[in-house]
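**Q** my questions concern the predicted model and sequence given below.
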Amino acid sequence: MDEKDRFWLEITNYLKEILSENAYATWVEPVKPTRIGHQSISLSVPNALTKKHWERHLSGYILQYSLENYGMEYEPTFIIVPQDSTQTEVKSEDSNQQIGSSESNFNDSQLNPNYTFETFVVGEDNKMANGAALAVSDNPGQTYNPFLIYGGVGLGKTHLMQAIGNEILAKNPKAKIKYATSESFTNDFITSIQNGSQIAFREMYRSIDVLLIDDIQFLSNKDKTQEEFFHTFNALYNNNKQIVLTSDRLPNNIDNLEERLISRFKWGLSTDITPPDLETRIAILRKKASNDRLDINSETLTYIANNIDTNIRELEGALVRVIAYAAIQGREITTSLAAEALRNMVDTQEKKPLSINEIINQVAHYYQITSQDIKGKKRTKNIVYPRQIAMYLARELTDISFPKIGEAFGNKNHTTVIHAYEKISDDLKTSPTLDDEINQLKKRLKT
Ligand SMILES: Nc1ncnc2c1ncn2[C@@H]1O[C@H](COP(=O)(O)OP(=O)(O)OP(=O)(O)O)[C@@H](O)[C@H]1O
């Protein structure tokens, strides 16, 4: 037995005494030590859930035990190694992208191995996007190029985009795939300017087979980065390389995004993802539970899905919370336990009606102006229209009267609010773009 196994045996014996049998079996048994260093131990965990649980609840025990028994703290780090994974070579230790097969460039791709089509649950709200994503991964660079997935927060855009990358890589381990957020693209670009390594930057981004850029709305206002991205886009597109993008809105609704980029983004296919219905939420919970080899009854899953209808990230968070609560208490997962565990989340969801300020903030954020602009007196078109939309939404989504809405919008007269409401209602009859924007805003306000 080497040093790491000896240390791990001690730790697990210690945890056995502290944790319930159920908690030990769920969180400790699937974990294995991979390396021990000076004041550190790296552990392989089967999934992100276990990693999160260790980080939040169990790492402290290792620190405490090592300090008391070895006079120094051994800091645990985690590597996610799915148990059914056929990939064995562990390449790095600090994120979700830790596993690589020796022949692929998986590690450079920055892909999360858990984001695959197999783990993506398909419902009415993402059926189109999923179908198109599969088509893209069957024929990269050919079918839909670029492919843009847009929709609200936490609805699976990144997951689906990375599923394309993982699928292409599974079929062709030599494919050069790069996932980057638009922020990391920007940072890479800035660093290349600072280091005088722009040529290397360009060569790297332009030699890729599949470029996945997440959250392109953050390119807004970044003129130089947009220009660089424009050339990257052209170079890849002209060589039939696949480009996949995500955004929280359609590109023409992104402020200060160059027209030439907007027009290129329209060359391929844009498809949206909307919040999941109850059945899909239950299916997602069921899949997550089974991935973690947990048997949770339907009634409990339905309870969670009924109460968390915001977005999938929240839904996952709720499930993690229920599982952790059960493990810590050493109890079985039942509906009443879920109700206890989610008390705060469910209560706040039920109690809090939408406020006018929330509407104003969300609309301001969406149209990239400030809340003060909306409440103020400026009459420029880029402010007046969002202001009218915010007034319209305030009337549609709350029970607040026209005069009270006027007051909340910086003491405007109630006739101004009525006019705004009627104008937007009329415009909606003829403008699909406005309809799309209002729907997106409504969805965001619901989350
Ligand atoms: N249909 C789905 N099936 C299974 N899991 C899903 C699904 N959609 C989303 N998820 C999970 O929900 C979480 C949030 O998804 P993701 O990060 O892809 O959302 P997003 O739309 O990119 O959000 P953001 O706009 O904040 O970047 C992830 O853990 C993802 O795996």
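**A** Sure, I can see it. Numbering: from 1, shown residues only.

**Q** neighbours around Asp5, how many?
**A** 12 (other Cβ atoms under 10 Å). For glycine as for every other residue, the C-beta is placed from the backbone atoms N, C-alpha and C.

**Q** ok, it touching Arg35?
**A** No: using Cβ atoms under 8 Å, Asp5 is not in contact with Arg35, being 11.2 Å away.

**Q** show me what from the stretch 251-400 of the chain comes close to the ligand.
**A** Neighbours of the ligand within the stretch 251-400 of the chain, by Cβ under 6 Å from any ligand atom: 284, 312-313, 316.

**Q** repeat for the stretch 51-200 of the chain
**A** Residues of the stretch 51-200 of the chain lying near the ligand (Cβ under 6 Å from any ligand atom): 115, 119-121, 126, 153-159.

**Q** distance check, Leu257 against the ligand.
**A** Distance of Leu257 to the ligand, given as Cβ to the nearest ligand atom, to the nearest Å: 17 Å.

**Q** whoops, I mixed them up, Met345
**A** 16 Å.

**Q** so which helix or strand takes in that residue?
**A** helix 343-351 (DSSP states H and E).

**Q** same thing with Ser270?
**A** strand 269-273.

**Q** helices and strands around that strand, which ones?
**A** helix 127-138, strand 147-151 (3 or more Cβ pairs under 8 Å, 6 or more residues apart in numbering; DSSP states H and E).

**Q** rewinding a little: most widely separated two among the residues of the stretch 251-400 of the chain next to the ligand?
**A** Ile284 and Arg313 (10.9 Å; Cβ to Cβ).

**Q** of these two, which one has the most company?
**A** Neighbours were counted for Ile284 and for Arg313 using other Cβ under 10 Å; Ile284 has more, 22 against 13.

**Q** Ala326: which element?
**A** helix 312-329.

**Q** packing partners for that helix?
**A** Secondary-structure packing of helix 312-329 (3+ Cβ pairs under 8 Å, 6+ apart): helix 21-23, helix 48-53, helix 278-291, helix 298-307, helix 335-341, helix 343-351.

**Q** so which of those helices is nearest Arg206?
**A** Among the helices and strands packed on helix 312-329, helix 48-53 comes nearest to Arg206, with 32.3 Å by Cβ to Cβ.

**Q** list the buried residues in the closest one.
**A** Buried positions in helix 48-53, judged by neighbour count with 16 or more other Cβ atoms under 10 Å: 48-53.

**Q** and those as CSV, adding pLDDT?
**A** CSV is the format used below for those (pLDDT from 0 to 100):
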residue, pLDDT
Ala48, 77
Leu49, 76
Thr50, 82
Lys51, 84
Lys52, 80
His53, 82
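
**Q** and Asp373, how many residues sit next to it?
**A** 18.

**Q** before we move on, the earlier item: can you list the buried residues in whichever helix or strand comes after the helix holding Met345?
**A** Once the chain leaves helix 343-351, the next helix or strand it forms, by DSSP H and E, is helix 356-366. Residues 356, 358-364, 366 are the ones in helix 356-366 that count as buried (16+ other Cβ under 10 Å).

**Q** so which other helices or strands are in contact with helix 356-366?
**A** Right, helix 356-366 is packed against helix 371-375, helix 381-397, helix 402-408, helix 432-446 by 3+ Cβ pairs under 8 Å, 6+ apart.

**Q** just want the angle from the longest one to helix 432-446.
**A** It stands for helix 381-397. 60 degrees (axes from the mean of the first three to the mean of the last three Cα atoms, to 10 degrees).

**Q** how close does Tyr366 get to Ser290?
**A** Tyr366 is 37 Å from Ser290, where distance means Cβ to Cβ, to the nearest Å.

**Q** so who does the residue positioned nearest the centre of the chain touch?
**A** Central residue of the chain (Cα atoms, centre = their mean): Gly154, 4.6 Å from the mean position. For Gly154, the contact set (Cβ atoms under 8 Å, 6 or more residues apart in numbering) comprises 310-314, 447.

**Q** 10 Å instead?
**A** 275, 310-317, 447 (Cβ atoms under 10 Å, 6 or more residues apart in numbering).

**Q** what does Pro432 give?
**A** Counting by Cβ under 10 Å, 6+ apart, Pro432 has no contacts.

**Q** pick out the residue of the stretch 151-300 of the chain closest to the ligand.
**A** Using Cβ to the nearest ligand atom, Gly156 is the residue of the stretch 151-300 of the chain that sits closest to the ligand, at 2.5 Å.

**Q** Phe7 contacts Ile41, doesn't it?
**A** Yes: counting by Cβ atoms under 10 Å, Ile41 is a contact partner of Phe7 at 6.6 Å.
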